[in-house]
Each structure stands twice: as C-alpha cells, then as structure tokens.
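Asks: Prediction below, plus the sequence it came from.
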Amino acid sequence: MQDGRHEEGVALLRNALVAAELNEMEDTMYKLNALEPLIQSLFSINSIDEAEPLVLRYGYMAMAQSEKDGFAFAEIDSLFWSARLHKVMCLCTPPARL
C-alpha cells in the first residue's frame, strides 16, 4: 500500500481476513485485527460499497469482544469507522427530488 500498489495490498488484506476467519481458537481479535487495515485501505481507495458491510461487521465483532473482555478499544474504532462511513454517505448521496 505504501508503494502505491493499492490493488495488491487490498488483495493481501482480503486474504488476511480469510485466514483470520479460519483460526481454530474462535478469537474475534484475529478478525478485528484483519478487518481494521482492510477497512482503512478500502476507504483510501474509495471502495465504499465494499467497506460498508465490513464496517457493520467490525462493529458487531467489537461489541462481542467488549462483552467478552469487559472493554475493547475496537469498539471505539468501530464508532470511528461508522462515523466516517456516515459522513461519506451524506456527502455522496444526491439530494432527493420532490
């Protein structure tokens, strides 16, 4: 990603998410750790349609992690990503016609 090879970077982050989902310990932190850079990268390349369901998924997993641990910083991150997604949707949605 830092070298400007965004397509390859996003593909590798998608693979990391798939690998995290296959962990045998059923620990959501692996998934959260894979989702966060993927979401960030999708925002950076303006792939909002792909980022939207991942942001929702990240939020649900962050809440589950907070319930398990008492508190997880991922929950604050999920609020940040949700707010950023909301901002993008507000800026990109054309006004309704009357």
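Replies: Cool, got the structure.

Asks: what helices or strands is whichever strand or helix holds Phe80 leaning on?
Replies: Assigned by DSSP states H and E, Phe80 belongs to helix 73-92. Packing contacts for helix 73-92, counted by 3 or more Cβ pairs under 8 Å, 6 or more residues apart in numbering; DSSP states H and E, involve helix 28-44, helix 48-69. For the C-beta atoms, the positions are set from N, CA and C on the backbone; glycine is no exception.

Asks: average pLDDT across stretch 1-19?
Replies: Stretch 1-19 carries an average pLDDT of 90.

Asks: Closest to the centroid, which residue in the protein?
Replies: Among the residues of the chain, Ile39 comes closest to the average C-alpha position under Cα atoms, centre = their mean, at 3.5 Å.

Asks: Check the gap between that one and Met25 for me.
Replies: 23 Å (Cβ to Cβ, to the nearest Å).

Asks: Based on its surroundings, how many neighbours for Lys87?
Replies: Lys87 has 10 neighbours, counted by other Cβ atoms under 10 Å.

Asks: could I have stretch 50-61 exported to PDB, CA atoms only?
Replies: The C-alpha trace of stretch 50-61 is given here as PDB (Å, rounded to 0.1, in the frame of the first residue of the first chain):
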ATOM      1  CA  GLU A  50     -17.200  -2.900  -0.200                       C
ATOM      2  CA  ALA A  51     -16.300  -1.100   3.100                       C
ATOM      3  CA  GLU A  52     -19.900  -0.600   4.200                       C
ATOM      4  CA  PRO A  53     -20.700  -4.200   5.200                       C
ATOM      5  CA  LEU A  54     -17.300  -4.700   6.700                       C
ATOM      6  CA  VAL A  55     -17.800  -1.600   8.900                       C
ATOM      7  CA  LEU A  56     -21.000  -3.100  10.200                       C
ATOM      8  CA  ARG A  57     -19.400  -6.500  10.700                       C
ATOM      9  CA  TYR A  58     -16.500  -4.800  12.600                       C
ATOM     10  CA  GLY A  59     -18.900  -3.100  14.900                       C
ATOM     11  CA  TYR A  60     -20.700  -6.300  15.800                       C
ATOM     12  CA  MET A  61     -17.400  -8.100  16.400                       C
END
